[in-house]
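S.K.: Got a sequence here, can you model it:
(one chain, ligands or ions: 3)
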Amino acid sequence: MRYGYVAIYLVLAAALGVCSFVARRSGRAIGPSVAALLAALIPPVVGNLIIIGFKNPSVSVIGCYIYYLGMDLVMYTLMQFTFQYCHLSWPNRGIKLFVYGLLLADTVQLLLNPVFGHAFRTEMVLYQGEQFLKMQPLAGQTFHRIVNYGLLFVSMAIFAWKSIRSPKFYSERYTGVLIAMVLGTVWESYYIFSRIPVDRSMVGFAGFGLLIFYFSLYYRPFRLLDRMLANIAEGMPEAIFFFDAGGTCIWANQAGLAMTGLKKQTIEQADERVQPLVGGNFRKMEEWEGRRQTGEGESRRYYVLKNRVLKDRKGRVDGSVLSVRDETEEQTDLQKQRYIARHDALTGLYMKEYLYDQIRARLAERPDQKSVVVFLNVNDFKIVNDVFGNEFGDQALQQVARWLQKVMPRDALYGRLGGDTFGVFLPREEFNEAAIEDSLTHFTVGTEGKQHPVLIHLGVYEVAEHGLDPSIMFDRARLALATIKEEYQTHIAWYDDQMREKVLWEQHISNQLEEAIAQRQIRPYLQPLVDHEGKVVGAEALVRWIHPTHGFLSPARFIPVFEKNGMIAEVDRYMWRCACEILASWKETFPDLFISVNISPKDFYFMDVAAEIKKVVAEHGIEPSKLRVEITETVMMTDLEKRLGILNDLKEMGFLVEMDDFGSGYSSLNLLKDMPVDVIKIDMMFLQKTKNRSRADLILQGVMEMSKNLGLPTITEGVETQDQYRMLRDMGCKVFQGYYFAKPMPVEEFEEKYSPAA
Ligand code: C2E
Ligand code: CA
Ligand code: CA
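M.R.: Ligands and ions are numbered 1, 2, ... in the order given. Modelled structure (predicted):
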């Protein structure tokens, strides 16, 4: 029996040592306190071991001291541990000093026992046939017990209080320690009152130490975790259903109950409620994901489903979890946003990109269908906006959209391409040109009673190449628009490939203009102007482009292009400079000749014509009267006052202004009398072949007479025969220009031909 206890104590001491070591190395905050407490429990265990293990009383008695002093150490470390474990601090320094003072005093009085013999006495007793050392407690030991038990009860009280006050799942960690303490204490008390000589109380205390080790370092409140996880699952927005391995629903969260209309008690019926949502056969023990929709129209709902199978470590199925997320709101939001992104807010029609997408899809879907692409433009919409206000402008666009919806066939695709332009894509045979043309003739917008006519033009491209992108198809349809001009009878124009070639040509030469000027591919030709005696009095500078690849280009090929895009200003500026250079070089050879240059009506938009001409003349030291400027009547069609001012300026500076192409346009004789022009240049149209020659001659005669009355000399251009020359001379014309005398020619040729020396 003696050695049985010795063995138990040895094992306990070793276990305490190992656990203390582990606690210290655990890296946990509580680790060192636990390690200290376990280490402190080793001396009392060893003390008891000595008491029991040695038959020699004087050796055994040493064990008594180790035991008692060790217990003081245990109490000290227990206090430390208790406060840390329970997250408490000493109420004040005084109490702390008092407690530790008591322990110190006890240690001291015990150490004095050999001197005073006041703490305990030892005697050998016989128990079950063996000699054991037994202590007889005296006053000192009573003090020791009061101190030790006192502190033990303080500690227990703290744990008891904590386990009552803490939330349910946390109190376990206090209750556990408390129970360990109670067990240890009961065991100890049993010994004290049992008069059994062998002190087995240390088994209780050592066990208590090991339990503390477990609770402080390894215990996790699993139920707490369960509870937390369950709480989270409970509150999740998606519906969650747990099925056991047999496929019975065992739990659902709030959302799941709400979705199925079940209660926790009836949750087993979840199966049949979930089934219609899941669709098909409900594969509970398989992992899968999917989306489902239920209902129609307003009550349509969207769900995302996910089934997960839960398995244990060995791969055996524990059960499964089905989660169902209702994403109806997101889906409807998304659809709303998509709708907004695809539809024009003002008209409700598709926006350009979406229309293009739809057309691409249609083209892919019906590759053999003959289709047309229509580009619709509201003419002068800016003016509608300016005159009637933006609100009216918006209304007008909405009405155009409604008109489109009305006149276009059901399977037409249409949308708003931009500000005042719309696009339509429809089968060729469904494009009822006559009906649309008809409805456009009387197209008006506005509110009741206040209707305003609006001019709408359609450019139509018949889809010939399916591979083209819709954007290019609409570009082509738009090209056709340009051919309609300001007409009120025709509203629809069809694209043909020449239009495209024209545009390509325009782009081609526009890109080359700068270089052409720099390289003098563009240069003036001169055509002589002759008086009634056949003497050359001047020349008109006419532009030519000797193109490196296209060869000789007449102005008709490029002037209209540059007039359209404004580059004409570059050409004219350059031509005026050339004319001035020529005049400057003629100071000796042709001192009396003048040169006429052309001014395009478009020049006035892009530069200060008067200032520009003045500058170039000054730079070359030319007398202004030597440079004549030719303008046409169209110059006066816009900005009349301002343009009159410019002409007056030119006249005051000493330039002669010629009215070119007189009679070709809407000549206004009334305007002519107020215009600061010096010469009238009669258009060659009057000399052209006509059925009624005599009538044309009469008109010519009239124009001549009228100019005479206005005191304006005339030049006639396009003189091709001697007869014409004679007739015009007889009518009183002063100066003549035409192939009869010479065609326009390069400057050198002109100089050679008309050199005074020749
Ligand atoms: P325009 O100013 O009326 O020029 C007279 C046109 O009539 C010239 O054509 C000339 O070659 C042609 N012509 C002259 N005599 C006869 C004739 O007896 N019979 C016939 N059938 N034609 C004759 P061109 O050079 O082709 O110029 C055409 C038009 O291009 C010019 O008409 C003018 O409006 C414009 N243009 C020419 N050069 C310039 C320029 O440097 N700047 C601007 N802005 N326009 C220019
Ligand atoms: Ca001219
Ligand atoms: Ca002319």
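S.K.: Please make it C-alpha for all contacts and neighbour counts, starting now.
M.R.: OK.
S.K.: starting at the chain centroid, how far to the lowest-mean-pLDDT helix or strand in the chain?
M.R.: Ranked by mean pLDDT, DSSP states H and E, the helix or strand of the chain with the weakest confidence is helix 669-674, at a mean of 74. Put simply, helix 669-674 sits 62 Å off its chain's centre (Cα atoms, centre = their mean, to the nearest Å).
S.K.: ok, now stretch 700-720?
M.R.: Averaged C-alpha coordinates place stretch 700-720 at 69 Å from its chain's average position (Cα atoms, centre = their mean).
S.K.: same check, this time on stretch 559-566
M.R.: Using Cα atoms, centre = their mean, the offset of stretch 559-566 from its chain centre is 41 Å.
S.K.: which other residues reach that stretch?
M.R.: For stretch 559-566, contacts defined as Cα atoms under 8 Å, 6 or more residues apart in numbering pick out 506, 510, 568, 600, 602-603, 606.
S.K.: Give me the buried entries from the residues you listed.
M.R.: Those of the contacts of stretch 559-566 that meet the buried threshold are 506, 510, 568, 600, 602-603, by 16 or more other Cα atoms under 10 Å.
S.K.: circling back: export the contacts of stretch 559-566 as JSON lines, with columns for secondary structure and pLDDT.
M.R.: JSON lines is the format used below for the contacts of stretch 559-566 (DSSP: H, G, I helix; E, B strand; the rest coil; pLDDT from 0 to 100):
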{"residue": "506", "secondary structure": "helix", "pLDDT": "93"}
{"residue": "510", "secondary structure": "helix", "pLDDT": "96"}
{"residue": "568", "secondary structure": "helix", "pLDDT": "97"}
{"residue": "600", "secondary structure": "coil", "pLDDT": "96"}
{"residue": "602", "secondary structure": "coil", "pLDDT": "95"}
{"residue": "603", "secondary structure": "helix", "pLDDT": "96"}
{"residue": "606", "secondary structure": "helix", "pLDDT": "93"}
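S.K.: filter those down to the ones close to ligand 1.
M.R.: Among those, the residues lying close to ligand 1 (Cα under 6 Å from any ligand atom) are residue 600.
S.K.: and which of the buried ones among the contacts of stretch 559-566 is nearest ligand 1?
M.R.: In terms of Cα to the nearest ligand atom, no member of those lies closer to ligand 1 than residue 600, at 4.0 Å.
S.K.: surely the closest one meets residue 629?
M.R.: No - applying Cα atoms under 8 Å as the test, residue 600 and residue 629 come out as separate, 10.3 Å apart.
S.K.: just checking, residue 240 is part of a helix?
M.R.: No - read with DSSP: H, G, I helix; E, B strand; the rest coil, residue 240 is strand and lies in no helix.
S.K.: That one: how many residues sit nearby?
M.R.: 26 (other Cα atoms under 10 Å).
S.K.: what's it in contact with, if anything?
M.R.: Residue 240 neighbours (Cα under 8 Å, 6+ apart): 233, 252-253, 255-256, 321-324.
S.K.: Dump stretch 403-416 to PDB, keeping only the CA atoms.
M.R.: C-alpha atoms of stretch 403-416 as PDB (Å, rounded to 0.1, in the frame of the first residue of the first chain):
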ATOM      1  CA  TRP A 403     -44.800  58.500 -85.600                       C
ATOM      2  CA  LEU A 404     -42.100  55.900 -86.100                       C
ATOM      3  CA  GLN A 405     -43.900  53.400 -83.900                       C
ATOM      4  CA  LYS A 406     -47.100  54.000 -85.900                       C
ATOM      5  CA  VAL A 407     -45.700  53.800 -89.400                       C
ATOM      6  CA  MET A 408     -43.100  51.100 -89.000                       C
ATOM      7  CA  PRO A 409     -44.100  47.500 -89.300                       C
ATOM      8  CA  ARG A 410     -44.100  45.200 -86.300                       C
ATOM      9  CA  ASP A 411     -40.800  43.600 -86.800                       C
ATOM     10  CA  ALA A 412     -38.900  46.800 -87.600                       C
ATOM     11  CA  LEU A 413     -36.100  47.600 -85.200                       C
ATOM     12  CA  TYR A 414     -35.800  51.300 -84.500                       C
ATOM     13  CA  GLY A 415     -34.200  53.700 -82.000                       C
ATOM     14  CA  ARG A 416     -32.800  57.100 -81.500                       C
END
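S.K.: Going by neighbour count, which residues in it are buried?
M.R.: 404-405, 408, 412-416.
S.K.: does the residue sitting nearest the centre point of the chain count as helix, strand or coil?
M.R.: By Cα atoms, centre = their mean, the chain has its centre lying nearest to residue 341, at 12.4 Å. Following three-state DSSP, residue 341 is assigned to helix.
S.K.: Now do the phi/psi pair for the residue nearest to it when sequence neighbours are not counted.
M.R.: Residue nearest to residue 341 in three dimensions, not counting chain neighbours: residue 351, with 7.9 Å by Cα to Cα, 6 or more residues apart in numbering. When quoted as degrees, to the nearest 10, the phi and psi of residue 351 stand at phi -90, psi 170.
S.K.: give me every residue that touches residue 351.
M.R.: Contacts of residue 351 (Cα under 8 Å, 6+ apart): 341-344, 415-417.
S.K.: which one among those residues gets closest to residue 371?
M.R.: residue 415 (16.2 Å; Cα to Cα).
S.K.: pretty sure residue 292 contacts residue 278?
M.R.: Yes - Residue 292 is within contact range of residue 278, at 7.3 Å (criterion: Cα under 8 Å).
S.K.: Give the ranges of residues in this protein that sit below the confidence cut-off.
M.R.: By pLDDT under 70, the weakly predicted segments of the chain are 1, 192, 195-200, 221-223, 486-488, 666-669, 757-758.
S.K.: So in it, which helix runs the longest?
M.R.: In the chain, with assignment by DSSP state H, the single longest helix is helix 57-85.
S.K.: Name the next helix or strand downstream of that one, please.
M.R.: Note on helix 57-85: by DSSP states H and E, the next helix or strand toward the C-terminus is helix 93-111.
S.K.: could you measure the closest residue to residue 665 other than its chain neighbours against residue 570, distance?
M.R.: Once flanking residues are discounted, residue 665 sits nearest to residue 633: 7.2 Å by Cα to Cα, 6+ apart. Separation of residue 633 from residue 570 (Cα to Cα, to the nearest Å): 22 Å.
S.K.: Name the residue in those two with the higher neighbour count.
M.R.: Higher neighbour count among residue 633 and residue 570: residue 633, with 19 against 16, using other Cα under 10 Å.
S.K.: Residue 736 versus that one, what's the distance?
M.R.: Note on residue 633: its distance to residue 736, by Cα to Cα, is 20 Å.
S.K.: who's more crowded, residue 292 and residue 278?
M.R.: Using other Cα under 10 Å, the more surrounded residue of residue 292 and residue 278 is residue 278, with 21 against 15.
S.K.: That one: what's it in contact with?
M.R.: Contact partners of residue 278, counting by Cα under 8 Å, 6+ apart, are 292, 305.
S.K.: Then residue 460?
M.R.: For residue 460, the residues meeting the contact criterion (Cα under 8 Å, 6+ apart) are 372-375, 476-478, 480, 492-495.
S.K.: Give me the subset of the residues you listed lying in helices.
M.R.: Per DSSP H, the contacts of residue 460 map to helices at 476-478, 480.
S.K.: Closest to ligand 1 out of those?
M.R.: Taking those together and measuring to ligand 1 by Cα to the nearest ligand atom, the closest member is residue 480, at 25.1 Å.
S.K.: so what's the closest one up against?
M.R.: 459-461, 493-496, 499.
S.K.: Reformat those residues as TSV; add distance to residue 729.
M.R.: Listed next are the contacts of residue 480 as TSV, based on distance: Cα to Cα, whole Å:
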residue	distance to residue 729
459	50
460	53
461	54
493	47
494	49
495	49
496	48
499	45
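S.K.: just checking, which of the residues you listed belong to strands?
M.R.: Residues from the contacts of residue 480 lying in strands, with DSSP state E as the criterion: 459-461, 493-494.
S.K.: Check these and tell me the two furthest apart.
M.R.: Pairwise distances across those peak at 8.8 Å for 461 and 493 (criterion: Cα to Cα).
S.K.: who's more crowded, those two?
M.R.: The neighbour comparison of residue 461 against residue 493 (other Cα under 10 Å) goes to residue 461, with 26 against 21.
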